[in-house]
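# take a look and give me a structure for this.
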Amino acid sequence: MKRFNRSYLKCLHWRGPQRCTILLLSGCFILILLSFFLLPSPDVYSEFGPRSQLVSNKFESLLLELIPPRLESRVDCSAIINGNMQEIDKAKQVSMHLKNTHEELTTESYLELTSNCLEFLEIRGYLKSSLSRDEFEFSIAYSILITEDVEMAERLLRAIYRPQNYYCIHVDSKSDAIYKVFLAIASCFNNVFIPERRLKMTWGTFSILEAELICMETLWPFARWKYFINLTGKEFPLKTNLDIVKVLQSLNGANDIHANIRETYTERWRYHFHYPPPWFRPVKGSVHIAASRSFVDFVLHNETAAKILSWVKTLPKFHDEVFFSTLNHNPHLMVPGSYTGDLDTDEITKPHVSRYKVWNTSSHYFCATNRWEKYICILTTGDLPLMLRSIHLFANKFYLQEDRIVVSCLEEWIYNATKDGFLETRQIDISYYENLDIVKNQIRIPITS
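From the prediction side, this is the model:
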């Protein structure tokens, strides 16, 4: 304040009161304009009507800085998403050609890029803004388990990255080169974490669940986040960050966790596994979850959860598919957000909204290439029309060596949808999610703040 008074007195002395006042008011006006056009998160909030009314050349320039464009020039992604078979066939040919061009980013490429964090963030086009008040106030915690394909995993991180969210990346102990890359990437952010404890992750073993628990423990101290979503490096979002926030808000504390409740697996537990204690019912489901912070609190700090985990460790396989599903489907345990109904997960009555996944036993979807890994469809460009019309948040699974175009088109779609959401010309209809059976029938305990 003293410095301001001295500056103002100097102005009065050299320029006179009238000119000084005009200069002061002009300076204030310029500062107001700069704060409107340049400040990022939680920043470009407009409470005075649709942002589309503000669009001008300057605003378009600002928009490009806030939301770096993602455009696939080799095919018409919009036509593909609308089911144009001619364009889908063209995309297949382009993908086949790209298999031989080796255009993928290598671990060496990433290490060179991340040697300068500012250049890495700029070149790779990471969003630096929360974009909206809803997104800023509703942080999400993510775990990402990675075993291979550094570029696919980095593009996933880029697609879901926001400065208000938190990310734990667990890299398989067998993948030292990828581990070094993500250590370097994490050094460019203050909300991306690489646990020091690394596991040799093997499908179907306790190592998968253990890696998830390590990430939960890593993320727990950051009290802002409201929901936890676990991912693998072979997945990709089907919704924008704002869409995901709106869907999670509509769950109102409920957990979206897959389960086969009615199929009790009694004989399997009795003869193949260690039969469980009588005070809970074991339930098998899927590893993929979208769970409230209160659920994660229960997992990490509740004695009942610890006892169930001890039993789960005795199983010979699929620990990750039993632990979370069992906690979420034994309502007498009073796990926050757990399910009190009796419906099995299916696409009609109790859908698993977190994940779009096509099993080779599924009757609801088709697999465009009919190529499978561990009974799950490898998603390609031909699957885009159904994927993006689905109610799901993420899709599993993708391989860049199989089809680079499908991921590029998803990136383009998310870019356009994010921009339209920011301009308030598009919004997701959450009435479907608000009326899910898991929302109506849940153990209602407030989300830990």
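# ok, which stretches of the stretch 151-300 of the chain are helices?
176-186, 206-219, 241-251, 266-267, 293-301 (DSSP state H, counting those that start in this stretch).
# stretch 327-334: end-to-end distance?
9 Å (CA to CA, to the nearest Å).
# and what of stretch 360-367?
In stretch 360-367, first residue to last residue: 8 Å (CA to CA).
# likewise stretch 215-225?
End residues of stretch 215-225 are separated by 14 Å (CA to CA).
# let me see the mean pLDDT of that stretch.
Stretch 215-225 shows a mean pLDDT of 98.
# save the helices of the stretch 151-300 of the chain as TSV, and put in mean neighbour count and distance to Ile376 too.
The way it works is simple: take the backbone N, C-alpha and C, and place the C-beta from them, glycine included. Shown next, in TSV, are those (neighbours: other CB atoms under 10 Å; distance: least, CB to CB, whole Å):
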stretch	mean neighbour count	distance to Ile376
helix 176-186	19	22
helix 206-219	20	15
helix 241-251	22	22
helix 266-267	10	26
helix 293-301	20	25
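# weakest of those by average pLDDT?
Ranked by mean pLDDT, these end with helix 266-267 at the bottom, a mean of 56.
# as a markdown table, the helices of the stretch 151-300 of the chain with distance to Leu118 would be great.
A markdown table is the format used below for these (distance: least, CB to CB, whole Å):
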| stretch | distance to Leu118 |
| --- | --- |
| helix 176-186 | 13 |
| helix 206-219 | 26 |
| helix 241-251 | 23 |
| helix 266-267 | 59 |
| helix 293-301 | 33 |
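# ok, which of these comes nearest Lys419?
Closest to Lys419 of these, according to CB to CB: helix 241-251, at 11.0 Å.
# which strands and helices lie in contact with that closest one?
helix 133-137, strand 139-146, strand 225-232, strand 284-292, helix 404-422, helix 431-434, helix 437-440 (3 or more CB pairs under 8 Å, 6 or more residues apart in numbering; DSSP states H and E).
# what do you get if the cut-off is 10 Å, keeping everything else the same?
The contact analysis (3 or more CB pairs under 10 Å, 6 or more residues apart in numbering; DSSP states H and E) places helix 241-251 against helix 133-137, strand 139-146, helix 150-160, strand 225-232, strand 284-292, helix 404-422, helix 431-434, helix 437-440.
# any chance of these in TSV, with distance to Pro336 and mean neighbour count too?
TSV is the format used below for the helices and strands packed on helix 241-251 (distance: least, CB to CB, whole Å; neighbours: other CB atoms under 10 Å):
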stretch	distance to Pro336	mean neighbour count
helix 133-137	20	18
strand 139-146	15	24
helix 150-160	24	22
strand 225-232	12	23
strand 284-292	6	24
helix 404-422	29	22
helix 431-434	19	14
helix 437-440	13	18
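# so for Leu333, which of the ones you listed sits nearest?
Going by CB to CB, the one of the helices and strands packed on helix 241-251 nearest Leu333 is strand 284-292, 14.5 Å.
# I appreciate the help and will end here.
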